[in-house]
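S.K.: Sequence and predicted structure are below.
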Amino acid sequence: MIISASRRTDIPCFYSEWFMNRIRAGYVMTRNPMNHSQIFKIPLSPDIVDCIVFWTKDPENMLTHLDELDRLGFQYYFQFTITPYGRDIEPSLRPKEEIIDTFINLSKRLGKVGVVWRYDPIILNDIFDISYHKKQFSRLCDILSGFTKTVTISFVDIYSKIKNNLIRSITEDEIAELSAFIGITAKKHGIHAVACCEKIDLSRYGIEPASCIDKRRIEAICGYNLNISKDKNQRPGCGCYESIDIGAYDTCLNGCIYCYANNSMGKAKRRFEMHNSKSEILVGEVYSGEKVFDKKVKSNKNTQLQLF
């Protein structure tokens with residue numbers, strides 16, 4: 001079993017204490033986001049959890065817990081977003097220079113394979129135009145090239161909940177020009193560029209489809225082959241493998257204006273106030289009388305085919 005922590009919220013940044021309490025307890029509960037009354041209990045034993053994939057814009061609060069995760073025998077890696085935007089786009093993040101330092105420190109601990117740089121989503125407007133992205137992507141490659149092997153890009157999706165004049169649709173010509181630059185620039189820096197859920201094939205620019213929950217990466221980290229399949233529950237074009245997400249929507253306080261996981265910051269703040277780091281579930285409690293289903297999970301490691 002692979003744990004995703006989490007596509008729905010920034011667990012390393014805001015919920016690291018809760019996460020570690022669940023690790024120590026040996027299980028976590030999650031509500032089905034499509035059916036609030038459906039609750040699953042998921043075991044968190046290192047014998048069952050093949051890998052944990054952390055998604056974050058700032059994992060500083062998680063760093064002090066890594067020694068304990070290592071002692072307990074968990075394997076993990078980070079999907080770590082660093083964009084060139086300021087607080088008009090990402091209002092609640094620490095200064096980017098500090099976050100970059102955290103990226104470097106995390107990479108020094110885990111190695112290049114353990115930290116994937118995400119330059120996404122790419123937003124284009126009168127302020128953040130193509131020349132701006134070319135300059136900033138090149139600058140970040142200069143800084144991060146010694147600390148990651150992979151950069152994941154995506155062009156912003158316009159969701160109905162996003163209502164901001166700083167976000168507009170991006171033309172195919174703009175995608176082509178910027179993708180060509182990113183492919184060449186990443187390669188020059190020794191970084192493999194991949195694209196997350198893009199409808200347009202960018203392989204002609206040296207940018208392959210991404211697998212954010214990546215079988216090959218996990219096998220390299222664990223040292224074993226995995227018997228896992230592609231995740232059929234993700235968006236079209238997603239290359240991710242099967243995982244169980246333990247986060248919850250409308251709980252991230254980063255406040256990014258392009259966020260698909262929050263309906264509003266007001267709702268996210270209200271739900272954050274319902275959070276208890278000692279609870280079995282991320283938001284609120286599991287109340288008496290609610291039915292809990294045990295999630296049937298197992299390790300996907302094939303220990304007979306050791307890679308290393």
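M.R.: All right, it came through fine.

S.K.: Helices of the stretch 151-300 of the chain, residue ranges please.
M.R.: Listed in chain order, the helices of the stretch 151-300 of the chain (DSSP state H, counting those that start in this stretch) span 172-188, 215-222, 265-273.

S.K.: element containing the most centrally placed residue in the chain?
M.R.: Residue closest to the mean C-alpha point of the chain, counted by CA atoms, centre = their mean, is W55 at 2.5 Å. Using DSSP states H and E, W55 sits in strand 51-56.

S.K.: got a list of contacts for that strand?
M.R.: Under the contact criterion CB atoms under 8 Å, 6 or more residues apart in numbering, strand 51-56 has outside partners 2-7, 10-13, 62, 69, 74-81, 212-213, 218, 221-222, 243. (Each C-beta comes from the backbone N, C-alpha and C, glycine too.)

S.K.: Just give me the neighbour total for P91.
M.R.: Neighbour count for P91, taken as other CB atoms under 10 Å: 14.

S.K.: Any stretches of this protein with poor pLDDT?
M.R.: 160-161, 163, 303-308 (pLDDT under 70).

S.K.: again, only this time at 80
M.R.: For the chain, residues meeting the criterion pLDDT under 80 lie at 159-163, 235-237, 303-308.

S.K.: So which residues of it form strands?
M.R.: Ranges of strands within the chain are 2-5, 27-32, 35-43, 51-56, 76-81, 115-122, 150-155, 192-195, 208-209, 224-226, 244-245, 292-294, 301-306, based on DSSP state E.

S.K.: packing partners for the first one?
M.R.: Contact analysis of strand 2-5 by 3 or more CB pairs under 8 Å, 6 or more residues apart in numbering; DSSP states H and E lists strand 51-56, strand 244-245 as its packing neighbours.

S.K.: From the contact counts, what lies against the last one?
M.R.: Translated: strand 244-245. Strand 244-245 makes packing contacts with strand 2-5 when contacts are defined by 3+ CB pairs under 8 Å, 6+ apart.

S.K.: contacting residues around the strand it packs on?
M.R.: 11-12, 19, 42, 44, 49-55, 213, 218, 228, 241-247, 300.

S.K.: ok, now stretch 292-300?
M.R.: By CB under 8 Å, 6+ apart, stretch 292-300 touches 1-2, 29, 38-43, 47-50, 226-228, 244, 286.

S.K.: quick one: buried residues of that stretch?
M.R.: K295, V297, S299, N300 (16 or more other CB atoms under 10 Å).

S.K.: ok, now stretch 11-19?
M.R.: Within stretch 11-19, the residues scored as buried using 16+ other CB under 10 Å are I11, P12, C13, F14, Y15, S16, W18, F19.

S.K.: can you check stretch 210-228 too?
M.R.: Buried residues in stretch 210-228 (16+ other CB under 10 Å): 210-215, 217-222, 224-226, 228.

S.K.: next one: stretch 191-205
M.R.: Buried-residue list, stretch 191-205, by 16+ other CB under 10 Å: I191, A193, V194, A195, C196, C197, E198, L202, Y205.

S.K.: Just the closest of those to G86, please.
M.R.: Nearest to G86 among the buried residues of stretch 191-205: C196, at 22.8 Å, using CB to CB.

S.K.: wait, the closest one sits on A210?
M.R.: Yes: assessed by CB atoms under 8 Å, C196 is found in contact with A210 at 4.4 Å.

S.K.: Show me the common contact partners of these two, please.
M.R.: T152.

S.K.: can you pull the contacts of A193?
M.R.: T150, V151, I153, I182, G183, A186, K187, G206, I207, E208.

S.K.: For the residues you listed, which ChimeraX command selects only the ones that are buried?
M.R.: Selection of the buried residues among the contacts of A193 in ChimeraX, burial being defined by 16+ other CB under 10 Å:
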select :150,151,153,182,183,186,206,207
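
S.K.: Adding distance to R24, write the contacts of A193 out as JSON lines.
M.R.: As requested, the contacts of A193 are exported to JSON lines (distance: CB to CB, whole Å):
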{"residue": "T150", "distance to R24": "31"}
{"residue": "V151", "distance to R24": "34"}
{"residue": "I153", "distance to R24": "37"}
{"residue": "I182", "distance to R24": "41"}
{"residue": "G183", "distance to R24": "44"}
{"residue": "A186", "distance to R24": "39"}
{"residue": "K187", "distance to R24": "43"}
{"residue": "G206", "distance to R24": "44"}
{"residue": "I207", "distance to R24": "41"}
{"residue": "E208", "distance to R24": "39"}
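
S.K.: closest to F272 among the contacts of A193?
M.R.: Lowest distance from F272 to the contacts of A193 (CB to CB) belongs to I153, with 29.4 Å.

S.K.: Run through the bridge partners of the closest one.
M.R.: Y119, A195 (DSSP bridges).

S.K.: close enough to count as contact, it and I123?
M.R.: No: if you go by CB under 8 Å, I153 and I123 don't touch, sitting 11.9 Å apart.
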